[in-house]
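[1] I would like the atomic coordinates for the input below:
(chains A and B)
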Amino acid sequence: MASVNTYDNKKFLIVDDLPEMRSSLRTQLASLGYSNVAISSNVRTALDHLEQGSFDVILCDYYLGGGTDGQQVLEHVRNRKLISRSTLFIMITAEKGYASVVTAAECQPDDYLLKPFTADTLQARLTRLLDKKTRLAKVDAMQEKERWPEVVAACDEIIASGDRYQPDAMRIRGNALIACGRIDEAMAFYNQVLGIRAMPWARFGLARAQYAQGDADNCKATLTQLILEAPQLLSAYDLLGRVHVDTGQADEALKILDQACTIAPDSLSRHRAIAKVAEEMSDFTRVESALARVVKKTHNSPLRDTADIARLGNAYSEMGEPAKAIELIDDARKNFKSDANDPQLAAVEALAQHKAGKPELAAAALARALTSEPGTLPKDVAMSIARACLATGRQAEGEAMLKSVVQNNPDSAAVHEQVAAALNVHGSPERAATLIQECREEVVALNNEAVRRGRAGELGEAATMLTEAAERLPGNAQIVSNAAFALLLDIYSNGPDASKLRDALRFQETVTALNPRHPKLTDIADLQRRIRAKYGQTS
Amino acid sequence: MSFATLAALTIHDVKNRLAAMAARAEARGDSETLRDALTAAGDLSRLLACYKVDAGLLQPDIDTRCPVDLVDELVAETRPLTRLEIAGDCGLAPPAWYYDESLIRMVLANALHNALRFARTRITVSARQTDDWLEFRIADDGPGYPADMLANPTAAAPISDDGVGIGLHLARHVAALHENHGIRGVITLENEPGAVFSLKLPR
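    A predicted model of the protein is given here:
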């Protein structure tokens, strides 16, 4: 029965809550010559296995009991990069109908395997999928490193070869074009695919390209059509929700996200998306109802996320129920060591204690929140801390935190609005305008000083200064691009330096990710050509 | 809980047990029980699909797929279940086509299981492209379809005691769900002289 296979050294992980299914899968694998097999009966042990070592193939049952399903596990391990793209994730299910409902374009298993299946079927499927991984190894490796232009090139190679992996390469190609900012090309590519066949992934890609170009109207139209054609593609609802929020139609956004929730009531990411939109609308009752479900479902599960607790706690405070927030956070900190010093949780607690009329406890919580460097914190965390500072009268620290948020998001009107809203509550509207102005002026002053030093021949000093600023403000394209340029100018004038070159390239990538059409990128590329001309290709 | 939900949960549960049973039968080389378990699981899938058709819930998930792989898998899956010769023929198959893999597999597996009952010595599963169509064919060397089935190909097939009608009803529906620019997939039955089940899908 078992045929000889060339992949018998591969490492397998089986995740299934039914003992009989685990052992029959193991027997099937053994009959095919696969002996390196780890087994998990639940998500927790599966994650332990994944943290301890890498696997080539994960065979995960869709139903895992206790409110968890395979799709949640897949999203968790992909989002946290617990598995690389080279790992094969196969979802096993008795019925495709249930599983496929939670189709997320960005997070799909490599394949679905419908129970019951024979060992021969499993073998045929494994060989085929492992062959595909081998063929796509280069594309996957480049994707992993987010080297998008190289991903596009590697995909082009496969598409040109006309082999059976062409369709896979095409899907990846479109994504990569958007990721590296080649939006016009992406648009043309997706339209070309759609001309042949109305494939949902291509229509979704087109919508993403339209979104990237800021074409909200066409993006909405594309997504509305897509939802009619393929109502099971949940990513379409998410993006449509986002576009509605961006265009100030938060009501529409919530309507569309609710629709997605009806289709996939078990999807954690749906409820989180709803909470995010509701938060932006300050509709904290909605935030509470969405996140309470997530927190309840993931309670004591490895899929729990501290940010959910923090945001739910914040919603309670905003709803005037700080006691509930405090209870929730206390419980989290007691049961999870890693939550004890979580800055966002501490910030939410500070606000709750303040509202509950306990200034000392508020101050203690805030002190814990303030232990991290502002520049290193994600925006949402920094905002929580800033709000807590302002509410408890620590104006200077709060404003410093907000400044770092503004300077890291210098061109985002939405972020500036959030900052202004925070200052409206605990300061004054005028203060918001002056703060944002000060942020701009600081950045301008820093740039001017760097330029002055550069002109004075102090290229090294200028580069160092901008490098420091770029590390502090990784979201500020102007600073980061100038840092890249200054480092390259220093190299051009004073000779190659490996560490400076590394920093310059890193900053160049950061700018490209922030804004692929940033004008300074052309200057940076020119300077790189001149360096190569002067010192040779190796530099 | 509605009857439909209850039924869906039960079907899911029974399929899990059938899967365990199939695995045990396979492990001890009992191909007869294996075949029964796989057939029964297939019947349940079709029952659920029929319910979805009636409730308007059957949504095809059409993607780029490889017909050669599907034919190979069906052939490999069926061979251990029978003494008949099962041949795959993909000489004229396109490298890729557009369809819902699990729905098309369900239809073809059902046609194949029917052929198993009527074939004398041999069944051929083939995929081939003619112009803008992909055609899957399941041909056996048995007595062919009864005349009344061929006489009225578009009428809703009567559901016979052995459940053949359910399969055909569903197959027609699944074929029609595969639509591109207004052109839909079709099922045809022919005798050449053995029964030939054909599923054509538009590009």
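[2] Residue 147: neighbour count?
    Went with chain A since none was named. For A:R147, the neighbour count with other Cβ atoms under 10 Å in any protein chain shown is 17. To be clear about C-beta, it is placed using only N, CA and C from the backbone, and glycine gets the same treatment.
[3] Please refer instead to chain B.
    Residues near B:A147, counting by other Cβ under 10 Å: 9.
[4] Could I get the full set of helices for the stretch 251-400 of chain A?
    Along the stretch 251-400 of chain A, counting by DSSP state H, counting those that start in this stretch, helices occupy A:268-280, A:284-298, A:306-318, A:322-335, A:343-355, A:359-369, A:379-391, A:395-408.
[5] what does chain B give?
    For chain B, the helices defined by DSSP state H occupy B:3-27, B:31-55, B:67-78, B:101-118, B:147-151, B:164-177.
[6] Over to the stretch 51-200 of chain A?
    Using DSSP H, counting those that start in this stretch, the helices of the stretch 51-200 of chain A run over A:70-79, A:96-101, A:119-135, A:137-144, A:148-161, A:166-179, A:183-196, A:200-212.
[7] residues making contact with the fifth one?
    The one in question is helix A:148-161. A:135-136, A:138-139, A:142-143, A:165-166, A:168-170, A:172-173, A:176-177, A:179-180, A:182 (Cβ atoms under 8 Å, 6 or more residues apart in numbering or on different chains).
[8] how about the nearest residue to residue 189, chain neighbours excluded?
    Reading this off chain A. A:G174 (5.6 Å; Cβ to Cβ, 6 or more residues apart in numbering or on different chains).
[9] looking at chain B here, not the other one
    Per Cβ to Cβ, 6+ apart, closest to B:L189 is B:Y145, 5.2 Å.
[10] State the phi and psi torsions of that neighbour.
    Per-residue torsions, B:Y145: phi -70, psi 150 (degrees, to the nearest 10).
[11] Let me see the contact set for it.
    B:189-191, B:195.
[12] for A:G460, same thing?
    Contacts of A:G460 (Cβ under 8 Å, 6+ apart): A:490, A:494.
[13] swap in B:R137?
    By Cβ under 8 Å, 6+ apart, the neighbours of B:R137 are B:124-128, B:196-199.
[14] can you check A:S267 too?
    A:71-72, A:102, A:234, A:260-261.
[15] with those residues in mind, which one is nearest to A:L488?
    Lowest distance from A:L488 to the contacts of A:S267 (Cβ to Cβ) belongs to A:L234, with 43.5 Å.
[16] Tell me the spacing between that closest one and A:E438.
    A:L234 sits 42 Å away from A:E438, going by Cβ to Cβ, to the nearest Å.
[17] So which of those two has more stuff around it?
    When neighbours are counted by other Cβ under 10 Å, A:L234 and A:E438 differ, and A:L234 comes out ahead with 27 against 14.
[18] ok, the more buried one to chain B distance?
    As defined by Cβ to the nearest Cβ, to the nearest Å, A:L234 lies at a distance of 13 Å from chain B.
[19] Quote the end-to-end distance of stretch A:40-56.
    Taking Cα to Cα, to the nearest Å, stretch A:40-56 runs 15 Å from one end to the other.
[20] Identify each buried residue in that stretch, please.
    By neighbour count with 16 or more other Cβ atoms under 10 Å in any protein chain shown, stretch A:40-56 contains the buried residues A:40-43, A:46-47, A:49-50, A:55-56.
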